[in-house]
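Enquirer: prediction below, plus the sequence it came from.
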2 protein chains.
Amino acid sequence: MSDIENVNERLNRQFRFLLEVDRLKGIQRQNILADASRRENSAEHSWHLALLAIILAEHSPIPENLDIFKVVKMVLMHDLVEIDAGDAFLQNPEEERIQVAKEARAAERIFSLLPEDQSAELISLWEEFEMGTTPEASFARALDRVQPALLHDATNAVVWAEHGVTEQQILHKMEVVRKSAPRLWPKIWSIIRRAADEGKLR
Amino acid sequence: MSDIENVNERLNRQFRFLLEVDRLKGIQRQNILADASRRENSAEHSWHLALLAIILAEHSPIPENLDIFKVVKMVLMHDLVEIDAGDAFLQNPEEERIQVAKEARAAERIFSLLPEDQSAELISLWEEFEMGTTPEASFARALDRVQPALLHDATNAVVWAEHGVTEQQILHKMEVVRKSAPRLWPKIWSIIRRAADEGKLR
């Protein structure tokens, strides 16, 4: 294959992927926007998370050793699997197991649209995020909890109240913030306290 | 000021900024999504652009010397001024002059919510994008034309047809792609040709 054919083949695959990902804009999340006008979609959420990563990087436990661009790439890509698997509200371990399998198939299908080298890189980045064990992945996962908490706080926790969630469930969900981004924990704690004090949590 | 007070003051300003930017999700653009379901908003557009930057970086004129994280930060932030200034459809130089002044005031107000060091950095990044003279800014500006072109192509150029735009106007708008991302130009050229052949351009 000539160099020009190779470039064209790469571009074709890349444009195919870049058109496919447009569908993330149609995936609705549980939380609503700060102005309470409508539910948020996963593309907007991913954009917002990338801004959190850039602005809050200094508060990571290891700011001088964190690869912040890697965190940004992770949060931009982490929800692409929802194009096939949806944004599930999981109630039990069995549902969780099914969702994990769905998401793995989705990652395989969607990232494989890209040239092989990029596909391998992004599948590996997504798996790293899912595992949550590296500093970048654990910080990204903490931010993924902080962002909706900011919106819940701005909208007087109306979605938490509607879903009838308990303080224990929220504390469990937010545990990753306390562990992986402790400097952001006081903010989260104050958001939970306010929701509890105002009777929004069961 | 103690270190803890300093951290708290920085966090307060950062969270204030991160809540304010949520409003970008309510700014409607002219183009529609690939599934033609509705108009795109500027937050989704910025997310999509960041993916284009990461996936298409190798096609920049100087891939080995391009600071791709800088390009990503630029495209994530470039439209924040629309929170105050809107996504204007400009018809003449006088309207353009007014819009430029509006956007400069918007950048000042919005980025100044952040701690001073971050505010200065982001205003400078936004100005660099607006000037469009560095390799990062010119590549970012080219991508900002490529992304809506992909969506116009996916939706049979219905928005171009509705606005009654001419082939000359599109060629003028897309000139930055030919100049700053020539390897992406054949795709843009084929999109324009198809729209013209199908009678969508005046």
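Expert: Everything's here; your move.
Enquirer: CA atoms for contacts and neighbours, from now on please.
Expert: Noted.
Enquirer: now chain A, which segments are flagged as low pLDDT?
Expert: Applying pLDDT under 70 to chain A flags the ranges A:1.
Enquirer: make it 80
Expert: The model of chain A has pLDDT under 80 over residues A:1-2, A:88-91.
Enquirer: so what does the residue sitting nearest the centre point of it have for phi and psi?
Expert: Note on chain A: the residue nearest the mean C-alpha position is residue A:144, at 4.8 Å, using C-alpha atoms, centre = their mean. Dihedral angles of residue A:144 (phi, psi; degrees, to the nearest 10) stand at phi -60, psi -20.
Enquirer: so how far is chain B from it?
Expert: From residue A:144 across to chain B, the span is 14 Å (C-alpha to the nearest C-alpha, to the nearest Å).
Enquirer: swap in residue A:86?
Expert: Residue A:86 is 17 Å from chain B, by C-alpha to the nearest C-alpha.
Enquirer: same deal with residue A:47?
Expert: On the measure of C-alpha to the nearest C-alpha, residue A:47 and chain B end up 5 Å apart.
Enquirer: any idea which element the residue nearest to that residue when sequence neighbours are not counted lies in?
Expert: Nearest residue to residue A:47 in three dimensions, chain neighbours excluded: residue B:47, at 4.9 Å (C-alpha to C-alpha, 6 or more residues apart in numbering or on different chains). Per DSSP states H and E, residue B:47 falls inside helix B:42-56.
Enquirer: does chain B sit close to stretch A:191-202?
Expert: No: Stretch A:191-202 does not reach chain B (C-alpha under 8 Å from any C-alpha of the partner chain); its nearest approach is 12.3 Å.
Enquirer: equivalent analysis for stretch A:102-112, please.
Expert: No: using C-alpha under 8 Å from any C-alpha, stretch A:102-112 stays clear of chain B, coming no nearer than 11.3 Å.
Enquirer: do stretch A:20-40 as well
Expert: Yes: residues of stretch A:20-40 contacting chain B under C-alpha under 8 Å from any C-alpha: A:22, A:23, A:25, A:33, A:34, A:35.
Enquirer: buried ones among those residues?
Expert: Neighbour-count burial (16 or more other C-alpha atoms under 10 Å in any protein chain shown) is assigned, among the residues of stretch A:20-40 next to chain B, to A:22, A:23, A:25, A:33, A:34.
Enquirer: mind checking which of those residues are in helices?
Expert: Applying DSSP state H to those, no entry is found in helices.
Enquirer: which parts of chain A are helices?
Expert: A:3-20, A:42-56, A:68-77, A:82-85, A:93-111, A:116-131, A:135-154, A:158-163, A:167-180, A:185-197.
Enquirer: strand partners (parallel or antiparallel) of whichever strand in chain A runs longest?
Expert: Criterion DSSP state E: the longest strand present in chain A is strand A:28-32. Partner strands for strand A:28-32, per DSSP bridges, with pairing direction: strand A:39-41 (antiparallel).
Enquirer: which outside residues touch the strand it pairs with?
Expert: A:24, A:25, A:26, A:27, A:28, A:29, A:30, A:31, A:32, A:33 (C-alpha atoms under 8 Å, 6 or more residues apart in numbering or on different chains).
Enquirer: so the last one sits against residue B:22, correct?
Expert: Yes: with the criterion set as C-alpha atoms under 8 Å, residue A:33 and residue B:22 qualify as a contacting pair; they are 7.2 Å apart.
Enquirer: looking at the helices of chain A, which is nearest to residue B:139?
Expert: Smallest distance to residue B:139 across these (C-alpha to C-alpha): 16.2 Å, for helix A:3-20.
Enquirer: what is that closest one packed up against?
Expert: Counting contacts by 3 or more C-alpha pairs under 8 Å, 6 or more residues apart in numbering or on different chains; DSSP states H and E, helix A:3-20 is packed against helix A:93-111, helix B:42-56.
Enquirer: turn these into CSV, including distance to residue A:199.
Expert: Formatted as CSV, these follow (distance: least, C-alpha to C-alpha, whole Å):
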stretch, distance to residue A:199
helix A:93-111, 29
helix B:42-56, 33
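Enquirer: deepest-packed of these, please.
Expert: Per-stretch averages of neighbours, counted by mean count of other C-alpha atoms under 10 Å in any protein chain shown, single out helix B:42-56 among the helices and strands packed on helix A:3-20, with a mean of 24.
Enquirer: quick one: list the elements packing against that one.
Expert: Helices and strands touching helix B:42-56, by 3+ C-alpha pairs under 8 Å, 6+ apart, are helix A:3-20, helix A:42-56, helix A:68-77, helix B:68-77, helix B:135-154.
Enquirer: 6 Å instead?
Expert: In terms of contacts (3 or more C-alpha pairs under 6 Å, 6 or more residues apart in numbering or on different chains; DSSP states H and E), helix B:42-56 is packed against helix A:42-56, helix B:68-77.
Enquirer: and the angle from that helix to helix A:68-77?
Expert: Per axes from the mean of the first three to the mean of the last three C-alpha atoms, to 10 degrees, the angle that helix B:42-56 makes with helix A:68-77 is 120 degrees.
Enquirer: and residue A:193, how far from residue A:104?
Expert: According to C-alpha to C-alpha, to the nearest Å, residue A:193 and residue A:104 sit 36 Å apart.
Enquirer: go on, residue A:146?
Expert: 25 Å.
Enquirer: what about the closest residue to residue A:150 other than its chain neighbours, distance to residue B:12?
Expert: Spatial nearest neighbour of residue A:150, chain neighbours left out: residue B:19 (7.2 Å); criterion: C-alpha to C-alpha, 6+ apart. According to C-alpha to C-alpha, residue B:19 stands 11 Å off from residue B:12.
Enquirer: just residue A:149 next, same as before
Expert: Residue A:149 is 15 Å from residue B:12, by C-alpha to C-alpha.
Enquirer: this completes my enquiry, with thanks.
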